[in-house]
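Asks: Prediction below, plus the sequence it came from.
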Amino acid sequence: MIATILARINRTVKDCKVHPSMKHRPARPKHTSIPNAGVSSNWRFQSPSLSILLAIAIPGRIATSKPRDIVLPFALSLQTYLRRIINQSHFGIDMAEVIKLPEDYWVFDFTKGEDPEFECPFKYQIGRYDEVRPGMYTQELFDGNRDLHVGIDIGAPVGESVHVFANGVVHSLGINDEPGSYGPTIIVKHELDNRPIWALYGHLSVESLDMVEVGMEVEEGRIIATVGDKSVNGGWEPHLHFQLSWDEPSENDMPGVVSKEDRDWALEKYPDPRIVLGPIY
């Protein structure tokens, strides 16, 4: 299986089209910073299990919130990356998409906060895991010091279908109604490598709570919810917050952001969602 995937990656990298803004820039060696990029110069993934690559532009994927920040892909480092991850976990292989992404979507970089004047040109977007987002969580819920994001956000139109990535059992559902919280939320218990893992699906529509019930068995790929609008989802632009937990939640909730001081234990408890979503960025 690994050989097949790596062969496919080799073909993909050979066919990769460089963004016009990179036409006259020489390829940079891996693990170097990007000067004058307009965002954080260090784009290495910070997740413990995914920390060996700079962000890359996969064909058909926009790997930055500003086109000039795209980094050229490196075949060798990508192969090394996939070998390591595939050996460690399923890495999303043969799992259903939580939200069916189109060929083109946006990956945000919020390490310098949110630009209120920026209008994303794509309907679908990704918000990254293990990312410090200064100034974005001002609601009382976050105590003024929680800004490290420990889930993955998938921006999508209101009403977009949300699927379970694998077979599971509905653990809990309800509305987290504090300003800035998840609004309608569903948690499903799954199994990964014969180990239980819980997945939170947040910022849903109110109607989602009528689509499943506690204790209900759901099969891989089943639609369990739809994306909610800003009036019901805690006050955010429409998106799904997807988060995993190795520990069973005591209630229908998980902290989507933690303080930087809590990073070590939080990343152990709440693993990178790409172990089931696959390499979506």
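Replies: All right, it came through fine.
Asks: Report the beta-bridge partners for residue 225.
Replies: With beta bridges defined as DSSP bridges, residue 225 has these partners: residue 162.
Asks: how far away is the closest residue in space to residue 174 that isn't next to it in sequence from residue 200?
Replies: Using CB to CB, 6 or more residues apart in numbering and skipping residues adjacent in sequence, the residue nearest residue 174 is residue 252, 4.5 Å away. In this view, the C-beta of every residue, glycine as well, is placed from N, C-alpha and C. Here the distance between residue 252 and residue 200 works out to 8 Å (CB to CB, to the nearest Å).
Asks: Residue 154 too?
Replies: With distances defined as CB to CB, the gap from residue 154 to residue 200 amounts to 13 Å.
Asks: One more: residue 135?
Replies: As it turns out, when the distance is counted by CB to CB, residue 135 lies 24 Å from residue 200.
Asks: more crowded one of the two?
Replies: Neighbour comparison, residue 135 and residue 200: the larger count goes to residue 200, with 26 against 10 (by other CB atoms under 10 Å).
Asks: Next secondary structure element downstream of the helix or strand in which residue 258 is found?
Replies: Secondary structure here is read from DSSP states H and E; on that basis residue 258 sits in strand 257-259. Beyond strand 257-259 in the direction of the C-terminus, DSSP H and E gives the next helix or strand as helix 263-269.
Asks: which residues are in contact with that next one?
Replies: Helix 263-269 is touched from outside by 47, 48, 130, 148, 150, 245, 246, 247, 255, 258, with contacts defined as CB atoms under 8 Å, 6 or more residues apart in numbering.
Asks: Domains in this protein, by residue range?
Replies: Taking automatic domain parsing as the criterion, the chain consists of the domains 2-60+67-88, 106-277.
Asks: Endpoint to endpoint, the last one covers what distance?
Replies: By that I understand domain 106-277. End-to-end distance for domain 106-277, by CA to CA, to the nearest Å: 16 Å.
Asks: all strands of the stretch 151-281 of the chain, in order?
Replies: Ranges of strands in the stretch 151-281 of the chain, per DSSP state E, counting those that start in this stretch, are 152-155, 161-163, 168-176, 183-192, 195-202, 217-218, 223-226, 239-245, 257-259.
Asks: The longest one: which residues count as buried?
Replies: The reference is to strand 183-192. Taking 16 or more other CB atoms under 10 Å as the neighbour-count basis, strand 183-192 is seen to contain the buried residues 183, 184, 185, 186, 187, 188, 189, 190, 192.
Asks: Please identify which pair of the residues you listed lies farthest apart.
Replies: The largest separation in those, counting by CB to CB, is between 183 and 192 at 26.5 Å.
Asks: still on that earlier bit, I'd like to know which of the strands of the stretch 151-281 of the chain is closest to residue 208.
Replies: Between residue 208 and those, the tightest spacing by CB to CB is seen for strand 223-226, at 3.5 Å.
Asks: Could you check how sure the model is about the closest one, as an average pLDDT?
Replies: In this model, strand 223-226 has a mean pLDDT of 98.
Asks: which parts of it are buried?
Replies: Using 16+ other CB under 10 Å as the burial criterion, the residues of strand 223-226 that qualify are 224, 225, 226.
Asks: of all these, which comes closest to residue 217?
Replies: Checking the buried residues of strand 223-226 against residue 217 with CB to CB, the nearest one is residue 224 at 11.4 Å.
Asks: Against residue 146, how distant is that closest one?
Replies: Shown here: residue 224 relative to residue 146, a distance of 27 Å by CB to CB.
Asks: Then residue 188?
Replies: Noted for residue 188: a distance of 24 Å to residue 146, by CB to CB.
Asks: before we move on, the earlier item: okay, now the residue nearest to residue 174: neighbour count?
Replies: For residue 252, the number of neighbouring residues by other CB under 10 Å comes to 19.
Asks: Same check on residue 174?
Replies: 15.
Asks: Can you pull the residues that touch both of residue 252 and residue 200?
Replies: Each of 185, 186, 187 lies in contact with both residue 252 and residue 200 under the rule CB under 8 Å, 6+ apart.
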